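Colleague: The sequence and its predicted three-dimensional model are supplied below.
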Amino acid sequence: MPNAKLFVDPTLVNAASPYYGTFPVEPTPSASAADWLTVKGKPINRKTQSLEELLTVIAGNASSGDDILIVGHGNKSGLKLIIGEAHKRPDDDVDLELLPLDAIRRNQAGQEDDATTETTLKLKPGGFAKLRPLIEKVQNLNLDRVDVRACNTGQDPIVMSALQQFFNCNIFCCPKLLDSYGVIGYQPFASDAAYFDKWVKEHDGAIVSGATPDRFALFQDLSKGVNTAAIAESAKGAKAWADAHLPPSTAFTGRNALSYHGLTDMRARMFFAGDAEFRAQLVEARKGQVPSRKVDIKNAPILPD
């Protein structure tokens, strides 16, 4: 498995960093575990959601040709990486989305001057001259894989390609669904089989795995956010469930905290990081494979004269 440096958004440090401490393997779309990433070293927990900070810590911690893993927030238009100043209202922030990505690309191609780019990015005069060297430092690393775990960014191939070009990596990878980290509570153990059966009956839809005396049951309620509950008869049962649904780990024993990473559309069940369905929701954009941006003339809006 290739090694990867981990960079974590400050709002996800308490959930994602402990998870990778227990399950330090991040799947890629490949069915072969040999192609998955192994997190090496301590996570680099960012202090802000600033693009400038992320570029700075990548340039200071990654080497040429490395793989990196970024945990953060996103949407189908791009990533929650703030360009310039953060605002009191997040909606006022300029994030690393398609419009800013295109402006940066045009500037670097010599098709747009700094003043025009700064207008698009809402930067003060001279702001892009400060940002450009940081972008170029990361681009000059020629990173192999940049895997980002952020909600929904993999839905748009044009956005994915723009992000691949921005990082200048060989492969840029994101999920198509909502991305979730958290903890599944499963203790104390239910040594009484009748109590286990009662719990399952009270949690309609709970999925039971294993056989007595090592059963594990998981209940998910996605109607009002990501809510999970579980019960285990034994450490063996808890470990068997984790082995089946999460990446390989020697740190999880069936007695310690069960952190999870999963993807969901908030309708069906969550796909956990060890499930094949999880990998099926990961999308890659590859260097040199730029999707067409042809305009659909038939369905294009008619603009006023």
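Modeller: Arrived safely.

Colleague: need the contact list for residue 287.
Modeller: 164, 168-171 (C-beta atoms under 8 Å, 6 or more residues apart in numbering). Where C-beta positions appear, they are placed from N, C-alpha and C, glycine not excepted.

Colleague: if you set the cut-off to 6 Å instead, what comes out?
Modeller: residue 170 (C-beta atoms under 6 Å, 6 or more residues apart in numbering).

Colleague: mind checking how far it is from residue 139?
Modeller: 12 Å (C-beta to C-beta, to the nearest Å).

Colleague: What about the residue nearest to residue 127 when sequence neighbours are not counted? Give its phi and psi, please.
Modeller: The spatially closest residue to residue 127, leaving aside those adjacent along the chain, is residue 118, at 5.5 Å (C-beta to C-beta, 6 or more residues apart in numbering). Per-residue torsions, residue 118: phi -60, psi -30 (degrees, to the nearest 10).

Colleague: and what of residue 35?
Modeller: Torsion angles, degrees, to the nearest 10, at residue 35: phi -90, psi 0.

Colleague: Find the residue closest to it in space, skipping its chain neighbours.
Modeller: residue 28 is the one closest to residue 35 (C-beta to C-beta, 6+ apart), at 5.5 Å.

Colleague: confidence score at the one you found?
Modeller: pLDDT, the model's per-residue confidence, is 98 for residue 28.

Colleague: Likewise for residue 290?
Modeller: 87.

Colleague: residues touching the residue nearest to it when sequence neighbours are not counted, list them.
Modeller: Excluding its sequence neighbours, the residue lying closest to residue 290 (C-beta to C-beta, 6+ apart) is residue 161, at 5.2 Å. Residues near residue 161 by C-beta under 6 Å, 6+ apart: 285, 290-291.

Colleague: Residue 161 falls within a helix, correct?
Modeller: Yes: counting by DSSP: H, G, I helix; E, B strand; the rest coil, residue 161 is found in a helix.

Colleague: ok, back up a step: report the separation between the residue nearest to residue 127 and residue 125.
Modeller: 7 Å.

Colleague: Looking only at neighbour counts, state which of those two leads.
Modeller: More neighbours surround residue 118 than the other of residue 118 and residue 125, with 20 against 9 (other C-beta atoms under 10 Å).

Colleague: That one is in contact with residue 130, isn't it?
Modeller: No: taking C-beta atoms under 6 Å as the definition, residue 118 is not a contact partner of residue 130, at 10.4 Å.

Colleague: Residue 212: neighbouring residues, count only.
Modeller: Counted with other C-beta under 10 Å, residue 212 comes out at 11.

Colleague: In three-state terms, label it for me.
Modeller: Classification of residue 212 by three-state DSSP places it in coil.

Colleague: How about it: what's its closest non-neighbour residue?
Modeller: Using C-beta to C-beta, 6+ apart, the nearest residue to residue 212 is residue 193, at 5.4 Å.

Colleague: neighbours around the one you found, how many?
Modeller: Counted with other C-beta under 10 Å, residues neighbouring residue 193 total 12.

Colleague: Find me the pLDDT at it, would you?
Modeller: So, for residue 193, pLDDT stands at 96.

Colleague: And residue 244, by the same measure?
Modeller: Reading off the model, residue 244 has pLDDT 97.

Colleague: element containing it, please.
Modeller: Using DSSP states H and E, residue 244 falls within helix 235-245.

Colleague: Counting by contacts, list what the helix or strand following that helix packs against.
Modeller: Moving toward the C-terminus from helix 235-245, the next helix or strand (DSSP H and E) is strand 258-264. For strand 258-264, the packing partners by 3 or more C-beta pairs under 6 Å, 6 or more residues apart in numbering; DSSP states H and E come out as helix 13-22, strand 178-184, strand 271-272.

Colleague: same thing but 10 Å
Modeller: helix 13-22, strand 171-175, strand 178-184, strand 216-221, strand 227-232, helix 235-245, strand 271-272, helix 276-280 (3 or more C-beta pairs under 10 Å, 6 or more residues apart in numbering; DSSP states H and E).

Colleague: Spatially nearest residue to residue 146, not counting backbone neighbours?
Modeller: Leaving aside its sequence neighbours, residue 146 sits nearest to residue 169 (C-beta to C-beta, 6+ apart; 4.3 Å).
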